[in-house]
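Undergrad: Turn this into a model:
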Amino acid sequence: MDHVKQALGVMYSASALQQQKKEATHFLEAFQKTPEAWQVAHELLSDPASPLEFRMFAAQTLRSKATYDLLQLPHDAVVQLRQSMLDLLSIYAAKDKLIRVQLSLCLCQIALQDLQWANAINDVSARLTTSEECVPALLEFLKILPEELTLANKTPLTDQEFNSRTKELITNNVQNVLVLLKRMADSGSHSALLLDCLNSWIKECPIVDVLSIESLAKLMFHSLTVDDTFESAAECLCSVFRETRDIDNYQLIDALYQQLLSVHDAFTKNPGKLDDPETVSGLTRIYAEAGESWHVLIAKNASHFKPLVQILLECCKYDQDLDVVKYTFYFWYQLKQMLTLPKFEASRAELLPIYLELILVIIFHLRYPTNLSDNNLFDGDKEAEDKFKEFRYEMGDVLKDCCAVVGPQRALNVPFQQINDMINLQGGQWQLLEAPLFSMRVMAKEVSKKEKTILPTIMRLLVRLPEHPKIRYATTLVLGRYSEWTANNPEFLEPQLNYIIEGFLGDVSSTTDIVNATSQALMYFCQDCAPLLINYMEQLYMLYKQVQDKLGTTAVYDLVDGLSHVIREMPADKQYMAAETFLTPTLMKISELSAGNPLDEAVTTQLRDEGEILSIYQNIARCYNYEVSTCPTASFFIEKIWPIITTVLSKFGKSLKVSEFYLRIIKNAVQGCTTYLTPIIGEICNLLHDGFKATLYGCYLWVTGVVIQCSPEFAESLQAIFQLALSQSNAFFQIISKDSSVDIKSMPDVVEDFFSMASELLMYFPPEVTSNEELMRSIFEAGILALESSEEYNPLMACVHFFIDYISWASEYPPVSLYEGDFEAVKQNVKLFMSVDTHVERLLQAVIRGLIFKFYNDADGNDLVIKILGVAADPNQSIARLNTAILTLPNISEKEISKLMGSVSVALPNKDMRRIRIAIKDFVSWYTRKNVNTRAAFN
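TA: Predicted coordinates:
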């Protein structure tokens, strides 16, 4: 006790050092898991002189113990425990709500796990209705009970025990609880707690049963008018409306609807209550929940439900807190999904004016603040600025819904008219123009490329808008978003192109946003209008040459992307020359830089940036016609780019960023040119082998995997590629061997890239890999070491995915859909290897521990466990392997092992893999909560 009090004193001391608090936290976390914690927690809670923080810790400890450690107690002690918990709840019934909640959680766990406690709810109700002061504790307990009985994996019970106990505690007691709540509602006391309790039980019974109790139904709606109960009533009504989604009782729904309209009328007549943002928020949530639940009925009977849709539109006009407006967004989406169906055409026409007005409302909310300077729109509040920008895109989704309902012509006409009106006003604020421009941009996806009614007029207007940096930025992005439309309407290409290019004029360093928008828009134009831009290639190249050195890397890359698309669309006989004109300055710059110092950070950074230009080009200007004997892109790579790559890597290969970016060029070339690179595939293999040996960088393994992936296209070099993979594998095994000084934790990218490469090797050379016992033994050792030592998710998953693919070869469903080789031979290779030695048991143990400690309950990790269990010919062997793996875990009880093994032992012989998956997942969830996660937060 003294040690606990001392540690708690340190935890809550303002003068204690951070290290002291950390040590105290570790001590208290460990103490909570000891058997002595039961008694100490009771003593602290029973002592009214103990500080509130000490008693709160004690209550948290009891809740934790009841959840995870009830098996520590004999049943006689459990009986005493539940009685003492009732006593403590009586003491704290009318005070210290946080402690009362923890004690209620504790009692709920006892009621769930003590299978011999019959009539638990009756016993608790009898004990906590002895006085009016105890009623809050009873309502707290009843509120929490259904919430705690949601998932079986939160307890050590078997599924059968959990389901039986849930039925006994919840299903069989619903009517009794409703009667109890009715009695309390009639008495008119504890309304807020009563509503919270009712909210927990609503989904446990048919909603008709709840609403048939008049006093409860009246309480929910009446409580909206009382400030102290408003929030609880709002939550309760949201649950009620949610439960009406799947019922066919239209009379009941209409009665609720009329009540809802009455609520709206009452608040409309008392506007003073709507000055409170929390009240507006709660009402909006109620209306939105009703709308979402009844959206199908609204579509079927639009005229009847139109007032509710109108109310939700009014909610959208609230401008004090845009989070309130957000509550309605899903409703507009759901209703749009219905109204766009042909059968609801009449309802669509009925509600069309509301959606048109909604466009106006959303555009109003899209406006940037107008009361501050252009350079400080949010008064220095970066968080508010980021939140507003993010919210604009969410509002954009609503505009798309509106566009789908009212049609592109009507939807675009709304911002078009606003822009027209603003142009005619002298001295208008830019915010009033920018918002409708933004709305046009987000609606672009809903507009057909064949639209001829309003877009031509809009496009003529856009390129004549008043000059202002914010307007140019917004307009440029709009033009970029409609580039596909422009490709179908080439007469608009030149004026739009001229307007976009003007964004590069002036001081680009002071207009970064405009320059980035211009580069992005030009990229989209080049992507979508490439055939139309071939004749503009010389002007585009000159523009690129003029601005390249003045732009940031992102803007440069956007331009390179765009120009590469245009080159790709050129006639084949002109592509080589175009690429040479375009890329020669980059190649010359790289050549100059390669003469620099490999240790100079500025040089390596510039090499990386220039290399990315080649990478982008190589990724886009691929070879598409393999019927011809030559490919200009491949020829240019072999003759111009490949020599410079070898030069750079021979000198700067020790720079990770240089190696990564220049290997990406090779990767894009191999994938985009494949068979046309046959003349140099041997050189590429040598470079990858020598590079990994010299640097130990994972990127060399990554590109080796890409070469393996493309190996069917290099028929004459298959053996060389396979030997490359083996040599890379052996080099990797040497790195992680016991004699190596390299820590596997320090090279997560290498581990990830190796297992990705190994997966490709297995995919394209299955007989060679599965029959090579030495290779497989080394891969298993490496995999087990990686699972035990690596901490980062990606390398762990690459390892897991390899073993899933490998073991799948032993099943009826190999990891490839079409395999022309001897499948049975590969299958037998895997089965034979998996049946000998202890590596399978060690792998299973490593994966189980990984699921618990590293990649918590990952679906692929779970899948690997199932693959391992299913591969053995004898299910008993797999069951024994799993039991052995589980027994290696610390602090695990016989009952927990029994629950898991019981489910697996039944499911595995019957090949019920779904049941095994659930059993493994539940076991990991329970074990992690009990032994790994922190049981209580100390504040």
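Undergrad: pretty sure Leu356 is touching Gly407, no?
TA: No. Assessed by C-beta atoms under 8 Å, Leu356 is found out of contact with Gly407, at 10.2 Å. For every residue, glycine as well, the C-beta is placed using N, CA and C.
Undergrad: list the contacts for Pro875?
TA: By C-beta atoms under 8 Å, 6 or more residues apart in numbering, the residues touching Pro875 are Leu908, Pro909.
Undergrad: residues of stretch 314-323 that come out buried?
TA: Within stretch 314-323, the residues scored as buried using 16 or more other C-beta atoms under 10 Å are Cys315, Cys316, Tyr318, Leu322.
Undergrad: Quick one: the residues you listed as JSON lines, columns for pLDDT too.
TA: Output for the buried residues of stretch 314-323, formatted as JSON lines (pLDDT from 0 to 100):
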{"residue": "Cys315", "pLDDT": "96"}
{"residue": "Cys316", "pLDDT": "96"}
{"residue": "Tyr318", "pLDDT": "94"}
{"residue": "Leu322", "pLDDT": "90"}
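Undergrad: Among those residues, which ones are in helices?
TA: Members of the buried residues of stretch 314-323 lying in helices (criterion: DSSP state H): Cys315, Cys316, Leu322.
Undergrad: The closest residue in space to Met443 that isn't next to it in sequence: how many residues sit nearby?
TA: Closest residue to Met443 in three dimensions, ignoring its sequence neighbours and counting by C-beta to C-beta, 6 or more residues apart in numbering: Cys403, at 4.6 Å. Counted with other C-beta atoms under 10 Å, residues neighbouring Cys403 total 25.
Undergrad: wait, what's in contact with Asn597?
TA: So Asn597 contacts Val603 (C-beta under 8 Å, 6+ apart).
Undergrad: so where's the stretch 151-300 of the chain shaky on pLDDT?
TA: For the stretch 151-300 of the chain, the stretches flagged by pLDDT under 70 are 152-153.
Undergrad: Helices along that one, start to end?
TA: Taking DSSP state H, counting those that start in this stretch, the helices of the stretch 151-300 of the chain run over residues 159-169, 174-187, 191-201, 207-211, 214-222, 230-243, 250-269, 277-293, 295-300.
Undergrad: ok, and what's touching the last one?
TA: By that I understand helix 295-300. So helix 295-300 is in contact with 250, 253, 291, 305, 308-309, 331, 334-335, 337-339, 341, 344, 347, going by C-beta under 8 Å, 6+ apart.
Undergrad: Using PDB, list the CA coordinates for that helix.
TA: Output of helix 295-300 as PDB, limited to C-alpha atoms (Å, rounded to 0.1, in the frame of the first residue of the first chain):
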ATOM      1  CA  HIS A 295     -34.000   8.800 -47.600                       C
ATOM      2  CA  VAL A 296     -35.700   6.000 -49.500                       C
ATOM      3  CA  LEU A 297     -39.200   7.100 -48.200                       C
ATOM      4  CA  ILE A 298     -38.300  10.700 -49.100                       C
ATOM      5  CA  ALA A 299     -37.500   9.600 -52.700                       C
ATOM      6  CA  LYS A 300     -40.800   7.700 -52.900                       C
END
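Undergrad: In that helix, which residues are buried?
TA: For helix 295-300, the neighbour count (16+ other C-beta under 10 Å) marks His295, Leu297, Ile298, Ala299 as buried.
Undergrad: want to throw the residues you listed into a markdown table with distance to Tyr541?
TA: Below are the buried residues of helix 295-300 laid out as a markdown table (distance: C-beta to C-beta, whole Å):
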| residue | distance to Tyr541 |
| --- | --- |
| His295 | 54 |
| Leu297 | 60 |
| Ile298 | 56 |
| Ala299 | 54 |
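Undergrad: ok, so of those residues, who is nearest Tyr617?
TA: His295 (49.1 Å; C-beta to C-beta).
Undergrad: hang on, the earlier thing: now the buried residues of stretch 314-323 in JSON lines, with distance to Glu716?
TA: Converted to JSON lines, these look like this (distance: C-beta to C-beta, whole Å):
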{"residue": "Cys315", "distance to Glu716": "69"}
{"residue": "Cys316", "distance to Glu716": "66"}
{"residue": "Tyr318", "distance to Glu716": "70"}
{"residue": "Leu322", "distance to Glu716": "63"}
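Undergrad: follow-up on the earlier one: I'd like the ones in helices among the buried residues of stretch 314-323 as JSON lines, with distance to Glu36 appended.
TA: Shown next, in JSON lines, are those (distance: C-beta to C-beta, whole Å):
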{"residue": "Cys315", "distance to Glu36": "55"}
{"residue": "Cys316", "distance to Glu36": "58"}
{"residue": "Leu322", "distance to Glu36": "52"}
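Undergrad: which among the contacts of helix 295-300 end up buried?
TA: Counted by 16+ other C-beta under 10 Å, the contacts of helix 295-300 give Ile253, Gly291, Phe305, Leu308, Val309, Phe331, Gln334, Leu335, Met338, Leu339, Phe344, Ser347 as buried.
Undergrad: which regions of this structure sit below the pLDDT cut-off?
TA: For the chain, applying pLDDT under 70 flags the ranges 152-153, 372-373, 426-427, 506-510, 935-939.
Undergrad: Quick one: list the elements packing against the top helix by length along the chain.
TA: Longest helix of the chain, by residue count under DSSP H: helix 382-406. Helices and strands touching helix 382-406, by 3 or more C-beta pairs under 8 Å, 6 or more residues apart in numbering; DSSP states H and E, are helix 322-326, helix 329-339, helix 345-366, helix 408-424, helix 430-442.
Undergrad: With distance to Ala782 as new columns, can these be given to me in a markdown table?
TA: A markdown table is the format used below for the helices and strands packed on helix 382-406 (distance: least, C-beta to C-beta, whole Å):
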| stretch | distance to Ala782 |
| --- | --- |
| helix 322-326 | 49 |
| helix 329-339 | 48 |
| helix 345-366 | 54 |
| helix 408-424 | 57 |
| helix 430-442 | 49 |
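Undergrad: about what we covered before: what two of the buried residues of stretch 314-323 are the furthest from one another?
TA: Most distant of the buried residues of stretch 314-323, by C-beta to C-beta, are Cys315 and Leu322, 11.7 Å apart.
Undergrad: quick one: contacts for Ser759?
TA: Contacts of Ser759 by C-beta under 8 Å, 6+ apart are Gly705, Ala798, His801, Phe802, Asp805.
Undergrad: what helix or strand is it on?
TA: helix 748-764 (DSSP states H and E).
Undergrad: Off-centre distance for stretch 136-155?
TA: Chain-centre distance of stretch 136-155: 29 Å, with C-alpha atoms, centre = their mean, to the nearest Å.
Undergrad: Just the buried residues of it, please?
TA: By 16+ other C-beta under 10 Å, the buried positions in stretch 136-155 come out as 136-146, 148-149, 152-155.
Undergrad: Which members of the residues you listed occur in strands, if any?
TA: Among these, DSSP state E puts none in strands.
Undergrad: Might one say that Ile680 is in contact with Ile645?
TA: No. Assessed by C-beta under 8 Å, Ile680 is found out of contact with Ile645, at 10.5 Å.
Undergrad: on that earlier part again, can you list residues touching both of Cys315 and Leu322?
TA: Shared contacts of Cys315 and Leu322 (C-beta under 8 Å, 6+ apart): none.
Undergrad: which outside residues touch the helix or strand harbouring Leu98?
TA: Here Leu98, judged by DSSP H and E, is contained in helix 97-113. Where contact means C-beta under 8 Å, 6+ apart, the residues beyond helix 97-113 that reach it are 45, 55-56, 59-60, 62-63, 65-67, 70, 78, 81-82, 85-86, 88-89, 92-93, 117, 120-121, 124, 136-137, 140-141, 143-145, 148-149, 155-157, 162, 165, 169.
Undergrad: swap the cut-off to 6 Å and go again
TA: For helix 97-113, the external contacting residues (C-beta atoms under 6 Å, 6 or more residues apart in numbering) are 55-56, 59-60, 62-63, 66-67, 70, 82, 85, 88-89, 92, 120, 137, 140-141, 144-145, 148, 165.
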